[in-house]
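Novice: Sequence first, predicted model second:
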Amino acid sequence: MRASIDGKPVAFMQSPGIAHPTKSKVEFGCMGKDGFFDDLKIPVR
C-alpha cells in the first residue's frame, strides 16, 4: 500500500494481508479521528 499527497509519496506499507485474494474492503483510520479524502484512487493490479 502506498499513500501520496499532491503526487508526493508520504507512506508505504507492505503486508501479505493487503493482497489477500478474498479481501473485500479497504478502511482508513487515524487513531479515532475524522478525516476527508478528495480524489481517492485505488489502482487494482
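Specialist: In hand now; what should we look at?
Novice: all contacts plus neighbour counts: C-alpha atoms, from now on.
Specialist: Will do.
Novice: Run a quick neighbour tally on the nearest residue to residue 10 once chain neighbours are set aside.
Specialist: Spatially, and ignoring its direct neighbours in sequence, residue 10 is nearest to residue 4 (5.1 Å; Cα to Cα, 6 or more residues apart in numbering). Burial measure for residue 4: 10 neighbouring residues, criterion other Cα atoms under 10 Å.
Novice: Please apply the same query to residue 40.
Specialist: By other Cα under 10 Å, 8 other residues sit near residue 40.
Novice: Also residue 32?
Specialist: Counted with other Cα under 10 Å, residues neighbouring residue 32 total 6.
Novice: can you check residue 3 too?
Specialist: One way to gauge burial is a neighbour count; for residue 3, by other Cα under 10 Å, it gives 13.
Novice: And it, how far from residue 22?
Specialist: 22 Å (Cα to Cα, to the nearest Å).
Novice: Also residue 44?
Specialist: Taking Cα to Cα as the criterion, residue 44 is separated from residue 22 by 14 Å.
Novice: re the thing from before, look up which helix or strand the residue nearest to residue 10 falls in, please.
Specialist: strand 2-5 (DSSP states H and E).
Novice: Next SSE downstream of that strand?
Specialist: Downstream of strand 2-5, the first helix or strand assigned by DSSP H and E is strand 8-12.
Novice: Report all helices and strands that the least confident helix or strand in the chain by mean pLDDT contacts.
Specialist: Taking mean pLDDT, DSSP states H and E as the measure, the helix or strand of the chain with the lowest value is strand 2-5, at a mean of 81. The helices and strands touching strand 2-5, judged by 3 or more Cα pairs under 8 Å, 6 or more residues apart in numbering; DSSP states H and E, are strand 8-12.
Novice: Now the strand it packs on: buried residues?
Specialist: Taking 16 or more other Cα atoms under 10 Å as the neighbour-count basis, strand 8-12 is seen to contain no buried residue.
Novice: Parallel or antiparallel, list what pairs with that strand.
Specialist: Using DSSP bridges, the strands paired with strand 8-12 are strand 2-5 (antiparallel).
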